[in-house]
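J.: Based on what follows, work out the 3D shape:
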Amino acid sequence: MSAFRVSAAGLLRLAMEGSLADRVAEQVWMSGHGVSPAERKSWSRSLSVLAQDLADAGLHDVEVLVEYQLPLTSRRIDAVLAGVHPETGEDS
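T.: Numbers count the residues shown, from 1 in each chain. Sure, this is the predicted structure:
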């Protein structure tokens, strides 16, 4: 399960508005986890760069799962990218 799911275009929009870290923090908090100021700062910086890189690559429709919880552990992955191949339509 991810704390926050959004398209790459949506991620970029939130980053440009300056509300990205707040949205992620809200979702993480709602899933029962605390959020440190350092974590907010990290999201603000790294996810903004990821969003811009995805936009530059033309991958606006890619889904970004932020703070994805690994099953049966307390560990989270920063971001998982999910989408479909543009030519075959298969999951990629």
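
J.: from here on, contacts and neighbour counts on C-alpha atoms
T.: Will do.

J.: Skipping its backbone neighbours, what lies nearest Val28 in space?
T.: The shortest distance from Val28 to any non-neighbouring residue, by Cα to Cα, 6 or more residues apart in numbering, is to Ala3 (5.2 Å).

J.: same thing with Val66?
T.: Ala79 (4.5 Å).

J.: same check, this time on Arg40
T.: Per Cα to Cα, 6+ apart, closest to Arg40 is Ala21, 5.4 Å.

J.: tell me which residues of the helix of greatest length in the chain are tucked away?
T.: Longest helix in the chain by number of residues (criterion: DSSP state H): helix 37-56. For helix 37-56, a neighbour-count test (16 or more other Cα atoms under 10 Å) marks Arg40, Trp43, Ser44, Leu47, Ser48, Leu50, Ala51, Gln52, Leu54, Ala55 as buried.

J.: Centre of the chain to that helix, how far?
T.: 8 Å (Cα atoms, centre = their mean, to the nearest Å).

J.: Using CSV, list the CA coordinates for that helix.
T.: What follows is helix 37-56, C-alpha atoms only, in CSV (Å, rounded to 0.1, in the frame of the first residue of the first chain):
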residue,chain,number,x,y,z
PRO,A,37,10.8,17.8,9.4
ALA,A,38,13.8,16.1,7.7
GLU,A,39,11.4,13.7,5.9
ARG,A,40,9.2,16.6,4.7
LYS,A,41,12.3,18.4,3.4
SER,A,42,13.5,15.3,1.6
TRP,A,43,10.2,14.8,-0.1
SER,A,44,10.1,18.4,-1.2
ARG,A,45,13.5,18.2,-2.8
SER,A,46,13.6,14.7,-4.2
LEU,A,47,10.1,14.3,-5.4
SER,A,48,10.2,17.6,-7.2
VAL,A,49,13.2,16.5,-9.1
LEU,A,50,11.6,13.1,-9.9
ALA,A,51,8.4,14.9,-11.1
GLN,A,52,10.5,17.2,-13.4
ASP,A,53,12.5,14.2,-14.8
LEU,A,54,9.3,12.3,-15.6
ALA,A,55,7.8,15.4,-17.3
ASP,A,56,11.0,15.9,-19.3
